[in-house]
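> model this:
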Amino acid sequence: MNKFKNILLLYKNSTYASYFLSDKRRMAQLAGLLNNQDIKRFRRTHENHFWTLSYVEAVLKDRKVRFKKICRGTSIDYSKFDLIITVGGDGTFLEAARYLKDQVIWGVNSDPSWSVGRFCSGNPRNFEKMLDDVLAGKVKIKHFNRLSLIFDDGTQPMNVLNDVLICHQNPGALSRYNLTVGRVREEHKSSGVWVSTAAGSTGGIYSAGGRPLPQESKLFEYRPRELYRGRGVRYHLTGKVLKASQKISLLSLMREGVVFVVGSHVCLPFSFGASIHIKKSSYPLKVLL
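This next block holds a predicted model:
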C-alpha cells in the first residue's frame, strides 16, 4: 500500500532554456561564441530533460498519483510533503535534500547521457517500474549520513548531505583559521578546508587528496587544501577520516571568510572570530533506491 500521500515533483530549468530561450539577444550573442555542435548539445539535453519531465508527469497521472509540480529555485515549504521526486541531476537532488528531515527523496536523472546523477536511482527507462514498486511498498530506502553544522552566531543549524568548504571568499586569497580536532588545535594558512560525508567523499575532497568512503558509511572526513609550507611550519591536522562520535571546529581568522555548503548552493559569511562546529547529524537522509 502506498504510504506517500503528499508528493512534490521538483524539476530544474535547463541551461538551454535559461541562456538561449529566455533572451533572444543573449541567444544571438552566445550563438556567435559557440559552435553549432555546442548549441546542438545544449538543445538536445534540454529536449531530453523536458521529455523526461513530461513522461514522469504522465506516468504519475496514469497511476492516479496526486502531486505538486514546482521548479527548483522557488520558495517551497518542504514540510508539507512526505516524498520528494527530483527530476534533473545531482544538483536538483541536493537542492531538495538540504531542506529535508524525515521525508523520503527519490532522484530521477532526466538525461543520463549528460547529467551527473550519483544520487539518482530513477531514469526514463526504469521510472515506471520503480513507481509501481513504490506504490506497492516494495522499494528499498537507504539512509545516507549527513553532517550537522552548528554556528555560534545564531545561524540556523543545518544538515548537509555532501560536503562543506570553508575558505576566503576570494579563491586567490589565503584562508586563515584555527582548526580543532579532538584535543589538537592549530592555526592553518591554506586555500581552505573540506569537510565531507561518506556520500560526498568522491567529490571535491577526493580531488584534494581525500579518501573515498562507502556511500552509507557513518564516517566523515576533513582535508585542508594547499597548506602553506613556510620555513619551520609543521602541521599535524593535515586531513583524516573521523569516527561518527568525533567532531571538528573552526574559528575564522579571516575578515572575509565564507562557508560553502554543497558546492555553491549556499554561501554563508564566516568573518573574523566566527566559529563553526561540524559533526555527524542525527538525521540521515532517507533516499529511495
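> hmm, residue 194 and residue 175 touching each other?
No: assessed by Cβ atoms under 8 Å, residue 175 is found out of contact with residue 194, at 11.5 Å. Yep, even glycine has a C-beta here, placed from its N, CA and C like the rest.
> helix, strand or coil for the closest residue to residue 181 other than its chain neighbours?
In space, and not counting its chain neighbours, residue 181 is closest to residue 248: 5.0 Å by Cβ to Cβ, 6 or more residues apart in numbering. Under DSSP: H, G, I helix; E, B strand; the rest coil, residue 248 falls in the strand class.
> mind listing what residue 248 touches?
179-181, 195, 222, 242, 277-279 (Cβ atoms under 8 Å, 6 or more residues apart in numbering).
> redo that, cut-off 7 Å
If you count contacts by Cβ atoms under 7 Å, 6 or more residues apart in numbering, residue 248 has them with 179-181, 195, 222, 278.
> show me these that map onto strands.
Using DSSP state E, the members of the contacts of residue 248 that fall in strands are 179-181, 195, 222, 278.
> quick check, nearest of these to residue 46?
residue 195 (34.9 Å; Cβ to Cβ).
> thought that closest one was touching residue 164?
Yes: with contact defined as Cβ atoms under 7 Å, residue 195 counts as touching residue 164 (4.7 Å).
> any common contacting residues for the two?
The contact sets of residue 195 and residue 164 overlap at 147, 278 (Cβ under 7 Å, 6+ apart).
> quick one: mean pLDDT for stretch 120-132?
When pLDDT is averaged over stretch 120-132, the result is 96.
> could you list the buried residues of that stretch?
The neighbour-count check on stretch 120-132 (16 or more other Cβ atoms under 10 Å) flags 120-124, 127-128, 130-131 as buried.
> I'd like these as CSV, with distance to residue 50 and secondary structure appended.
Formatted as CSV, the buried residues of stretch 120-132 follow (distance: Cβ to Cβ, whole Å; DSSP: H, G, I helix; E, B strand; the rest coil):
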residue, distance to residue 50, secondary structure
120, 17, coil
121, 21, coil
122, 16, strand
123, 15, coil
124, 12, coil
127, 15, helix
128, 18, helix
130, 20, helix
131, 19, helix
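> of all these, which two lie farthest apart?
Among these, 120 and 128 lie farthest apart (Cβ to Cβ), at 15.6 Å.
> roughly how far is stretch 264-276 from the heart of the chain?
Centroid separation for stretch 264-276 versus its chain: 17 Å, with Cα atoms, centre = their mean, to the nearest Å.
> which stretches in this protein count as helices?
For the chain, the helices defined by DSSP state H occupy 15-16, 24-33, 36-62, 90-97, 127-135, 204-207.
> the ones you listed: which one's closest to residue 285?
Of the helices of the chain, nearest to residue 285 by Cβ to Cβ is helix 90-97, at 5.6 Å.
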